[in-house]
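**Q** Can you look at this prediction? I've put the sequence above it.
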Amino acid sequence: MSGNKWVRQLHRWLSIAFTVTVIVTFVALAQEEPAVWVSYTPLLPLALLLLTGLYLFALPYLAKWRGRRAAGQG
């Protein structure tokens, strides 16, 4: 699997993990005495989603930039 496909697959699985952690957080905070630390559990998948999402967002622009550089040199 190429690097881009690997990042896309990772991004998809991270979105599932983020959704699950948000649901678990809602359930945990709905208890009578919620543990406040549970509200921080979605932050790790969210940060990883941000990084992979920014990478995937930049891919088309990087491809255009590389194409222009290659055309200019050739």
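**A** Thanks, I have the structure now.
**Q** Contacts only, for residue 14.
**A** 45, 48-49, 52 (C-beta atoms under 8 Å, 6 or more residues apart in numbering). C-beta: built from backbone N, CA, C; applies to glycine.
**Q** Specify which member of these is nearest to residue 5.
**A** Proximity of these to residue 5 (C-beta to C-beta) peaks at residue 52, which lies at 12.3 Å.
**Q** Now the phi/psi pair for residue 31, please.
**A** phi -70, psi 170 (degrees, to the nearest 10).
**Q** For the helix ranked longest in the chain, name the packing helices and strands.
**A** Using DSSP state H, we find that the single longest helix of the chain is helix 43-73. Judged by 3 or more C-beta pairs under 8 Å, 6 or more residues apart in numbering; DSSP states H and E, helix 43-73 is in contact with helix 3-29.
**Q** How many residues are close by residue 8?
**A** 16 (other C-beta atoms under 10 Å).
**Q** My error: substitute residue 32 in the last question.
**A** Residue 32: 4 neighbours (other C-beta under 10 Å).
**Q** what does residue 52 give?
**A** Residue 52 has 19 nearby residues by other C-beta under 10 Å.
**Q** That one and residue 12 touch, don't they?
**A** No: under the criterion of C-beta atoms under 8 Å, residue 52 makes no contact with residue 12, lying 9.4 Å away.
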